[in-house]
Structures are given as C-alpha cells and as structure tokens.
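Student: how would this look folded up:
(chains A and B)
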Amino acid sequence: MNVSREEAAQALKDIDRANDRIVKLKGYHHGAPFFIVWGIVWLVANSVSQFWPEYQKWVWPGSVAVGFLVSLVLGVMQSRRATPGTRASEQERRIGARIGMTSGVLMVFIVSVLLIAQPQTADAGNAMVSIFFPFMYMAAGIWAGWRLFVIGFITAAAILVGYFWMKDYFDIWMGVFGGGSLIAGGLWLRTA
Amino acid sequence: MDGPDEIIHQSMRLKITATLNALPGGEQLEFNTLKAVLNATDGNMATHLAALEKAGYIAVQKDFVGKKPRTRVSLTRTGRKAFERHVAYLKDLLEGGG
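Tutor: I've put the predicted structure just below:
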C-alpha cells in the first residue's frame, strides 16, 4: 500500500479535525446541565424578587445554595460515568476538581468586586454579578466553541437592555431573558 | 519505519479511530454520537465499525436503555497502539522519512 505525502497531510488534518470536534462536543455535553440548573436558579430568584420583593433577601442565597448543591451532585455524577480505575475516570476527576476550584476563584472575585464597587441599588448589584458570567462564557467560547460564545452574547445583551431600558421590570426581565437564555442555551448544547 | 496500517488508513475508519483515540482510555462513545460527529450514515458507519471490530481495534458493546437499543464503541489497547503507529508513519512520511 502506497501513501502519498498529500494523502498523509490530509489524513493528519482529518485526525486534528476529529480531535477538535470530539473535545468540543464533550465540553458542550458536560456544560449543558449546569447552564440549565443556573438558568432555573436565575429564573426563580428574579421572578420571586419581582413579584414578592419581601422574599428577595431569602430567595437569592437560598436558590444560589441549591444551585451549588445541584451542580456539585451533577459534577460527581459526571465523574462517576467513566469506568473506575481507567484514564477516563482519572481525567474526569481532575476536570471536576478544576471546575470546583475555578468556581471558588470566581465567587471570591465577584464578592471582591461587589465590596469594592458597593452598588447603590439591588438592580445594580444584580446586574453587576449577572453580567460577569455571560462575558466569561463569551471569553471561554472563543477558545472552546462558538455555541458558548453565542449563549454569552445573547445573555449579556439581555442584561444590558434590561438594566438600561427596562428598569420597572428589571427582575422579571432578568428572570425570563437571562435565566431563559441560559436554559435555552443548555438545551441547545445538549443537541450538539 | 513501519508501513501504513491498511485498516486504519481508509478515510472513514481513520476518522473513527481518531475520534475514539481523543477519548481517554476505556471511555465509550455512543454509535449515534459518533455518527453525528462524523456526518456518516447508519450503513456506512456500521460497515466500517465491523471492519475495525474484526481487526480487534475497537470493542462494540450493545445493550438496552429501557426498551431502546444502544450501541457503544471504544478503542481497544491494540487499536490505540495501531493508531499511534499509523500517525507516526504519516508524520515520518511528511517529514521526508518516506
């Protein structure tokens, strides 16, 4: 069997392309349930803030805590999907630990920004915390896949439009468009 | 330098092994996912998977999820080594070793 240099070059390109596709796909499938969970958290907490403002103080810490707990369970479930003792399970465990550490760093960053900026209104605080995530998705999307970038772009646009032009309905706007775009984004990632 | 692996070198089989090789050892991929990733048809995919399985390069596992049949494939150790040898051959060829 003879293989020409052109065929060899094409074969190596095909291998690289197959590699990129599967890495991207796995990333999408890993991320999808987390988008859906945090979209629901966002939807519920903002909706309660809009219609029952007296519960706003409780709904945010409560729903964020539930979000973290569910994310933790999802992370553990994903890491257990690989056969124990294989390279797959070791890699999943390492990725899970890194996601956990990254989330910790981001939480400290957000708290630091809030302490420094001292937002004057609840809406400003909500927008300040919320806007951080879609920009992070956009930045990650540049490296990891365009779907992530699109989800981030739409969510960021929804937050900015809501904050500057929908002040009276800001919470429900954030719930429906911010939370909704995350839920829709998560479902979209699952179809990849 | 080893020669090309005639089983792996066929375009679709190369893509199948490259995709499975990108997964960590022991990890399986569902038939439908693999088919979607590679834009292949059912028949085409089944033919090439059968050839790779016959060579001992992949392991095919069939089971049911509820009432739905599920087929999962993974690269065997033999398959991974054959793929690595084939890639080394291709690289050598490009670098002038062939």
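
Student: Tell me which helix or strand A:Ala184 sits in.
Tutor: Per DSSP states H and E: A:Ala184 is located in helix A:180-190.

Student: and that helix, does that touch chain B?
Tutor: No - Helix A:180-190 does not reach chain B (CB under 8 Å from any CB of the partner chain); its nearest approach is 11.6 Å. The C-beta positions use only the backbone N, C-alpha and C, and glycine is treated the same way.

Student: who touches that helix?
Tutor: For helix A:180-190, the external contacting residues (CB atoms under 8 Å, 6 or more residues apart in numbering or on different chains) are A:28-29, A:31-36, A:38-40, A:42-43, A:147-148, A:150-151, A:154-155, A:158.

Student: any residues touching stretch A:150-160, and which ones?
Tutor: So stretch A:150-160 is contacted by A:35, A:127, A:130-131, A:133-141, A:173-174, A:177-178, A:181-182, A:185, A:188-189 (CB under 8 Å, 6+ apart).

Student: Kindly give a single ChimeraX line that selects the buried subset of these.
Tutor: Buried residues among those (16 or more other CB atoms under 10 Å in any protein chain shown), as a ChimeraX selection:
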select /A:35,127,130,131,133,134,137,138,141,173,174,177,178,181,182,185,188,189
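
Student: Okay, and which of the contacts of stretch A:150-160 map to helices?
Tutor: A:35, A:127, A:130-131, A:133-141, A:173, A:181-182, A:185, A:188-189 (DSSP state H).

Student: residue ranges with poor pLDDT in chain A?
Tutor: A:80-93, A:95-96 (pLDDT under 70).

Student: Spell out which parts of chain B neighbour chain A.
Tutor: Proximity of chain B to chain A (CB under 8 Å from any CB) is limited to residues B:3-4, B:6, B:9, B:11, B:14-15, B:18-19, B:22-27, B:29, B:33, B:37-38, B:87, B:89-91, B:93-94, B:98.

Student: Identify those among the residues you listed that sit within strands.
Tutor: Those of these mapping onto strands are B:Leu29, per DSSP state E.

Student: Keep only those of the residues of chain B next to chain A that are in helices.
Tutor: Per DSSP H, helices hold the following members of the residues of chain B next to chain A: B:6, B:9, B:11, B:14-15, B:18-19, B:33, B:37, B:87, B:89-91, B:93-94.

Student: which among the residues you listed gets closest to A:Met77?
Tutor: B:Thr33 (18.5 Å; CB to CB).
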